[in-house]
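**Student:** Predicted coordinates and the sequence they were generated for:
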Amino acid sequence: MTTLSIPISDDTLLRLKELAAELNLSVEEYISRMTDHVARQPAGDFDEIATRILAKNRELYRRLAQ
């Protein structure tokens, strides 16, 4: 298994912790399951999901890029 290190905002980490806690999971396990789920989707579904996530977080990404 490979370990990745990615930068995320404090707000995103807080939200991931909340979502993981709702399922009684660690943040690491939650992200692992989430990425497994996304990786198993057909390419068209991934593109749709990625577009939706990028649009939803556009303002956050703009602020982070400054």
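**Tutor:** Here it is on my side, so go on.
**Student:** got the CA coordinates for the helix or strand bottoming out on mean pLDDT in the chain in PDB?
**Tutor:** Least confident helix or strand, the chain: helix 58-65 with a mean of 78, by mean pLDDT, DSSP states H and E. Only the C-alpha atoms of helix 58-65 are listed here, as PDB (Å, rounded to 0.1, in the frame of the first residue of the first chain):
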ATOM      1  CA  ARG A  58     -14.300  27.300  -6.700                       C
ATOM      2  CA  GLU A  59     -14.200  30.200  -4.300                       C
ATOM      3  CA  LEU A  60     -12.100  28.300  -1.700                       C
ATOM      4  CA  TYR A  61      -9.600  27.300  -4.400                       C
ATOM      5  CA  ARG A  62      -9.400  30.900  -5.700                       C
ATOM      6  CA  ARG A  63      -8.700  32.200  -2.200                       C
ATOM      7  CA  LEU A  64      -6.100  29.500  -1.500                       C
ATOM      8  CA  ALA A  65      -4.300  30.300  -4.800                       C
END
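**Student:** roughly how far out does it sit from the chain middle?
**Tutor:** The chain centre lies 15 Å from the centre of helix 58-65; the measure is Cα atoms, centre = their mean, to the nearest Å.
**Student:** For it, which helices and strands make contact with it?
**Tutor:** Applying 3 or more Cβ pairs under 8 Å, 6 or more residues apart in numbering; DSSP states H and E, we find helix 58-65 packed against no helix or strand. From N, CA and C alone the C-beta is placed, and that goes for glycine too.
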